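>>> Curious how this folds, go ahead:
(one chain, ligands or ions: 1)
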Amino acid sequence: MFEVSGKIIAVTGASSGIGQAMASHLAKSGAKVIAIARRTEALSKWAENTDGSVGFVAADLGDIDSLANVSQKIKSHFGNVDILINAAGLNPRIHADEVTKKIWNETLDINLNAPFFLAQQMVPAMKESKWGRIINFASLQSERAFENGISYGTAKGGVMQMTRAMAQAWSKDGITVNAIAPGFFPTELTASVFANEALANQNANQTCIGRNGTMDDLTGPVQFLCSNASAYITGQTLYVDGGFTAK
Ligand SMILES: NC(=O)c1ccc[n+]([C@@H]2O[C@H](COP(=O)([O-])OP(=O)(O)OC[C@H]3O[C@@H](n4cnc5c(N)ncnc54)[C@H](OP(=O)(O)O)[C@@H]3O)[C@@H](O)[C@H]2O)c1
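The predicted structure is shown next:
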């Protein structure tokens, strides 16, 4: 029921953090995984050290016009993608007064525009096989306003609604689309949050469980959404946040 073995899975943001941890877990579970990010060295090191069928494509997903080409490169590894995991993200943490058009557009490009236009490239083949999975990454900021989060929160609010709209567009073709909204997990993206012990503790105390997340907390939910076990779930955002948003 939770099997992902043999599935062809593209994971963006796989040069670090959550994307990389999910890519490693899915490869270990027997999937054929293509990792995508800008840093060639990090991707190549990951591929060398990961058992199973893996490949990588180094690309700047912020270059939206290049995504058809990126999609072709992804396909050249194992064939048509069954599952797309949009984990690439960027959080500039800048106050609304200071945000420039460039920062605003970059944040929306990586967090919102690339997931849509990359998915649009991969959906025709998923439709043909009448099976597909798209998993987006939302955030606590999809529904909450955080300090210095205006561009990121706007993008992540968009991700939540885009997930519903993608589900509306494509679920009848056998493609389910869902999002995962993580609480606080230590990665490059949240380095400044975890460097501040008082803030990290405050975030942990805000959860029902009483701690921040670890990568193992995400592998089960991601595998669930990749598998047939979640066949009747679409358009949903699953908070994997230890109950942060329940309080
Ligand atoms: N960590 C958390 O607590 C948390 C909480 C809520 C939501 N999230 C979301 O979860 C996802 C993963 O975040 P993370 O914490 O794992 O962050 P991370 O460790 O900073 O990883 C971000 C990834 O995105 C890639 N990326 C950034 N800009 C890119 C670009 N222009 N083109 C291609 N790839 C690009 C980076 O690779 P390169 O630099 O090599 O390009 C990196 O692999 C993000 O969508 C994030 O918003 C995370």
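
>>> does any bit of the longest helix anywhere in the chain sit next to the ligand?
Using DSSP state H to define each element, the chain has its longest helix at helix 150-170. No - residues of helix 150-170 contacting the ligand under CB under 6 Å from any ligand atom: none, with a closest distance of 6.7 Å. Yep, even glycine has a C-beta here, placed from its N, CA and C like the rest.

>>> per-residue confidence for the residue sitting furthest away from the middle of the chain?
The outermost residue of the chain, judged against the average C-alpha position, is Asp97 (28.3 Å), by CA atoms, centre = their mean. Predicted confidence (pLDDT) for Asp97: 98.

>>> Return the set of buried residues in the longest helix of the chain.
Within helix 150-170, the residues that qualify as buried by neighbour count (16 or more other CB atoms under 10 Å) are 150-160, 162-164, 166-167, 170.

>>> And the residue nearest in space to the middle of the chain, how far from the ligand?
Residue closest to the mean C-alpha point of the chain, counted by CA atoms, centre = their mean, is Ala87 at 2.2 Å. Distance of Ala87 to the ligand, given as CB to the nearest ligand atom, to the nearest Å: 5 Å.

>>> Report the contact partners of that residue.
If a contact means CB atoms under 8 Å, 6 or more residues apart in numbering, then Ala87 has 11-14, 17-19, 22, 137 as its contacts.

>>> And Ala119, by the same measure?
The neighbourhood of Ala119, defined by CB under 8 Å, 6+ apart, consists of 84, 86, 134, 166, 177.

>>> Of these, which belong to helices?
The subset of the contacts of Ala119 located in helices under the criterion DSSP H comprises Met166.

>>> Quickly name whichever of the contacts of Ala119 is closest to Ala231.
Val177 (12.6 Å; CB to CB).

>>> Run through the residues that contact the closest one.
Val177 is in contact with 119, 133-136, 163, 166-167, 170-171, 234-235, counting by CB under 8 Å, 6+ apart.
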